[in-house]
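# Mind folding the following:
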Amino acid sequence: MQIKTLFTLFLCFLTSFCLHAAASPALTSRPEVKNFIQHMVQAHHFDAKQLQQLLNQATLQPSIIAAISKPAEAKPWDAYEKIFITPKRIQEGIEFWQHNQKALSGAQKKYGVPAEMIIAIIGVETFYGKNTGQYNVIDALVTLAFDYPPRAKFFLSELEQFLLLAREEGWDPKSIKGSYAGAMGNPQFIASSYRHYAVDFNNNGKRDLLNGIDDSIGSVANYFRLNGWQPGAPVVLPAKVSGEKYKDHIASKQNPKPSHSLYQMSLLGVQLKSPKTTPELEKQNFALVALQGANGPEFWLGAQNFYVITRYNRSDHYAMAVYTLSQKIKEGYKKAGQAT
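Presented below is the predicted three-dimensional model:
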């Protein structure tokens, strides 16, 4: 009797759900979606009916909202670090370098970005191309543009950029997979970054970050260069603090823009752990980065190149993970070369 009652209740719920779904208005009946379609028609000459059909085929996914609401970057540094700084990720980074030496060397020479830094970005983003995302990009962007108010403006712009990109590249928008935030390919470029920074690094006539390793390598390096990477300059240096003044000058976790010289930092009670400095370091500006490590607070001085990494993902945790992984890969690559 109890089982039969439960089954009856389940059928009632299922019927109610199906009727509700059938009665739900199409996405394109919403005023904000109508406005977007009108904008795409007027600004970029899209066909209104085709765009209506495409958007109505998109699926609004609560799992996307859940994922973006709990990013890994919100974890304490010691927990976040463990996700990316692993023996397997380091070893596969070394192998990636060995297999792609020509492209990495060419990118470093052309753009001034070290090979290990390019590798670390791709390693953190997609485990060297193994995990490029399973969401339909159109679903992700439609969901976030129209059902995620905190960042709706940004993702509405990215939806626009994605539709333009798909038209330029000859893609079927429904077929492109990516992350829950709509990032695509080996280096996880969002649509606006793809359009602005992607390069045809192997000179085959197309910019392919979805399948092309060479283009991905060149595009990451180009992204860094155009965001102000300084060849040969430091990235981040360990620091120590004293007193209380430094507390009011800890950099934003999302925007650690360097604004203080070493001398200015010293007046705030912040010094490099290493007493050695150089004229080049004295010319640099830094941001004071505070991380919660396993043994308590850690303090670092992030230079311009650290800030550039945060332009890829606006998180000091992310930048530190990329930098740490890059150094581990570099060390392992050198040892592997010595052993052969």
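# Looks like Leu325 contacts Arg89 (just checking).
Yes: using Cβ atoms under 8 Å, Leu325 is in contact with Arg89, at 6.6 Å. Where you see a C-beta, it was placed from the backbone N, CA and C, and this is true even at glycine.
# Need the residues touching each of the two.
Listed as contacting both Leu325 and Arg89 by Cβ atoms under 8 Å, 6 or more residues apart in numbering are Gly123.
# quick one, which of the two is more surrounded?
Counted by other Cβ atoms under 10 Å, Leu325 and Arg89 do not tie: Leu325 has more neighbours, with 24 against 19.
# Just say helix, strand or coil for that one.
For Leu325, the assignment made with DSSP: H, G, I helix; E, B strand; the rest coil gives helix.
# Who are the contact partners of it?
84-85, 89-90, 93, 120, 123-124.
# again, only using 10 Å
Counting by Cβ atoms under 10 Å, 6 or more residues apart in numbering, Leu325 makes contact with 81, 84-86, 89-90, 93, 116-117, 119-121, 123-124.
# Which residue lies closest in space to it, excluding its sequence neighbours?
Closest residue in space to Leu325, ignoring its immediate chain neighbours: Ala120 at 4.3 Å, by Cβ to Cβ, 6 or more residues apart in numbering.
# Quick check: the gap between the one you found and His45.
Distance, Ala120 to His45, by Cβ to Cβ, to the nearest Å: 41 Å.
# Looking at these two, which is more packed in?
Ala120 (28 against 8).
# That one belongs to a strand, doesn't it?
No: Ala120 is assigned helix when assessed by three-state DSSP, not a strand.
# List the contacts of it.
84, 89-90, 93, 96, 114, 220, 309, 321-330.
# so what's it scoring on pLDDT?
Looking at Ala120, its pLDDT is 98.
# so what's Ile118 up against?
Neighbours of Ile118 in contact, by Cβ under 10 Å, 6+ apart: 96-97, 100, 103-104, 107-108, 111, 187, 216-221, 223-224, 326.
# My error: substitute Lys283 in the last question.
Lys283 neighbours (Cβ under 10 Å, 6+ apart): 233, 261-262.
# Of those residues, which is the most crowded?
That'd be Leu262 among the contacts of Lys283, by other Cβ under 10 Å, with 19 neighbours.
# unless I'm mixing things up, it is touching Lys276, no?
No: shown here, Leu262 and Lys276 do not form a contact pair, counting by Cβ atoms under 10 Å, at 11.6 Å.
# got any ranges where the stretch 1-150 of the chain has weak pLDDT?
1-25 (pLDDT under 70).
# could you pull out the strands for it?
135-136 (DSSP state E, counting those that start in this stretch).
# and the closest residue to Leu51 other than its chain neighbours, how many residues sit next to it?
Excluding the flanking residues, the one nearest Leu51 by Cβ to Cβ, 6+ apart is Ile37, at 5.2 Å. By other Cβ under 10 Å, 18 other residues sit near Ile37.
# just Gln271 next, same as before
Gln271 has 17 nearby residues by other Cβ under 10 Å.
# and what of the one 4 residues further on?
Pro275: 6 surrounding residues under other Cβ under 10 Å.
# how close does it get to Ala303?
Distance from Pro275 to Ala303, by Cβ to Cβ: 18 Å.
# same thing with Thr277?
13 Å.
# try Asp47
49 Å.
# So between these two, which is more surrounded?
Neighbour totals were compared for Asp47 and Ala303, and Ala303 leads with 21 against 12 (other Cβ under 10 Å).
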